[in-house]
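**Student:** Here is the input, now give the coordinates:
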Amino acid sequence: MPDSTLFIGLMSGTSIDAIDAVLVDFGTPTPRIRHHTELPIPDSVRSEILTLTQPGDDHIDRMGRCDQMLGELFTEAANQLLREAQVASMDIAAIGSHGQTIRHRPPQRGESKPFTLQIGDPNVIAAKTGITTVADFRRRDMALGGQGAPLVPAFHKAAFADQTIDRAILNLGGIANVTWLPANGNASGFDTGPANVLMDEWCQQNQGQPYDMNGEWAASGTVQLELLKRLLSHPFLSQSTPKSTGREDFNGKWLQRILEAMERRFEPQDIQATLLEFTARSAADAIRQCGSPTEVYLCGGGALNKQLAARLQALLSPAKVMSTAELGIDPKRVEGVAFAWLAKQTLTRLPGNMPAVTGASEEAILGGIYFA
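**Tutor:** Below is the predicted model of the structure:
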């Protein structure tokens, strides 16, 4: 492996719409993004993966196909990144690849054998990029009794903590997670519930758009309080920490069951407004459980949703709500940078999990190393 401070992070989240590839230089106190690119996931592959996330037949063959196809797509994203950045593969220390989650069954579900599964074959990535690849980050934490998630709080602590200010970092991907960074250093974090996953799915069904740009469609609707009350009654929200969640808990079928049980028709934009409020309320409630931050920084795709950011500001006042761009990292790239950082931790034999967040019995070096 080259003695380099350059790492690549590859991330595909709950929305399964694109692979985010980030070239990161860890040679400075604040990680510096040298370049980033996105590779759209073809609809045919996305459909296969979504099928995998639900119970069904023929899953072993489908999983094998998707594992291979995603490995090829992650490879393409990494090679595209290198071409655009005009950097040679020999100059990269390693790739950190999150993969695509198709199942997440953490301990709090009552699973006798909890497990988590991410696909996107790292053997393919290492072989076809010529770069050592670190992957499968979650299962070591789960082997130690942890949730296997969220993992990004360890990076949030390393990159964003301040010894004089109580901060919260709210990651708004498909699922939301909060990292509490008090000035005393006793960091914690957990998944708070849905961020974009329900809003995006409802928008796709009713608007034919992948997401609600700036929350404008939600802003045109009216929050339905009875529906909001039912959404907020989801048992995950009242579970004690550590806890993590995913599409298994929050998905379109769950929403549809609630709507059918209410036996009344809502306007689509009112449902979107209520889903946005659901995300804002569940996240704000979770942050308040942690403490009273002076600053709340948003990252993930949801950080660009102006309506959501405005609701969070209203709910969390007097805390100041802003983007991680204020701390030097583009909010849409934070997770990609985090998995590049996790690869660096693994190669230098340093832990990548936080037991206070995941519930693991101890810190651990995460992931498997697939040498070029």
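**Student:** Go through stretch 359-369 and flag the buried ones.
**Tutor:** Buried residues in stretch 359-369, counted by 16 or more other C-beta atoms under 10 Å: 359-360, 364-367, 369. The C-beta positions use only the backbone N, C-alpha and C, and glycine is treated the same way.
**Student:** An error on my part: the question was meant for stretch 292-304.
**Tutor:** Buried residues in stretch 292-304 (16+ other C-beta under 10 Å): 293, 295-304.
**Student:** same question, stretch 135-151
**Tutor:** For stretch 135-151, the neighbour count (16+ other C-beta under 10 Å) marks 135-142, 144, 146-151 as buried.
**Student:** now swap in stretch 156-172 and tell me
**Tutor:** Across stretch 156-172, burial judged by 16+ other C-beta under 10 Å covers 156-157, 159-161, 166-172.
**Student:** can I get the CA coordinates of that stretch in CSV?
**Tutor:** Provided in CSV are the C-alpha atoms of stretch 156-172 (Å, rounded to 0.1, in the frame of the first residue of the first chain):
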residue,chain,number,x,y,z
HIS,A,156,-18.2,13.3,13.6
LYS,A,157,-16.4,13.3,16.9
ALA,A,158,-13.0,13.3,15.2
ALA,A,159,-13.9,16.0,12.8
PHE,A,160,-16.4,18.3,14.4
ALA,A,161,-16.1,18.2,18.2
ASP,A,162,-15.2,21.4,20.0
GLN,A,163,-13.9,21.7,23.6
THR,A,164,-15.9,24.8,24.4
ILE,A,165,-19.3,24.3,22.6
ASP,A,166,-22.0,21.7,22.9
ARG,A,167,-22.8,20.5,19.4
ALA,A,168,-25.1,18.1,17.7
ILE,A,169,-24.5,16.7,14.2
LEU,A,170,-27.7,15.5,12.5
ASN,A,171,-27.2,13.3,9.5
LEU,A,172,-30.2,13.3,7.2
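**Student:** Just give me how far it sits from the chain centre.
**Tutor:** In this view, stretch 156-172 has its centroid 16 Å away from the chain centroid, taken as C-alpha atoms, centre = their mean, to the nearest Å.
**Student:** my read: residue 203 touches residue 215, true?
**Tutor:** No - counting by C-beta atoms under 8 Å, residue 215 is not a contact partner of residue 203; they are 10.1 Å apart.
**Student:** where does residue 14 land in three-state SS?
**Tutor:** coil (DSSP: H, G, I helix; E, B strand; the rest coil).
**Student:** Count the neighbours of it for me.
**Tutor:** Residue 14 has 21 neighbours, counted by other C-beta atoms under 10 Å.
**Student:** Who are the contact partners of the closest residue to it other than its chain neighbours?
**Tutor:** Leaving aside its sequence neighbours, residue 14 sits nearest to residue 174 (C-beta to C-beta, 6 or more residues apart in numbering; 2.3 Å). When contacts are counted by C-beta atoms under 8 Å, 6 or more residues apart in numbering, residue 174 touches 13-15, 194-197, 200, 246-247.
**Student:** What are the boundaries of the strands in the stretch 1-150 of the chain?
**Tutor:** If DSSP state E, counting those that start in this stretch is used as the criterion, the strands of the stretch 1-150 of the chain fall at 6-11, 18-25, 32-40, 94-97, 100-105, 115-119, 133-135.
**Student:** any idea which of these is most buried?
**Tutor:** strand 94-97 (a mean of 30; mean count of other C-beta atoms under 10 Å).
**Student:** Tell me which strands that strand pairs with, and in which orientation.
**Tutor:** Sheet pairing of strand 94-97 (DSSP bridges) gives strand 6-11 (parallel), strand 133-135 (parallel).
**Student:** Kindly reformat these as a markdown table containing distance to residue 105.
**Tutor:** Converted to a markdown table, the strands paired with strand 94-97 look like this (distance: least, C-beta to C-beta, whole Å):
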| stretch | distance to residue 105 |
| --- | --- |
| strand 6-11 | 21 |
| strand 133-135 | 19 |
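**Student:** Mind putting those into TSV with distance to residue 252 and mean pLDDT?
**Tutor:** Formatted as TSV, the strands paired with strand 94-97 follow (distance: least, C-beta to C-beta, whole Å; pLDDT from 0 to 100):
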stretch	distance to residue 252	mean pLDDT
strand 6-11	23	99
strand 133-135	29	99
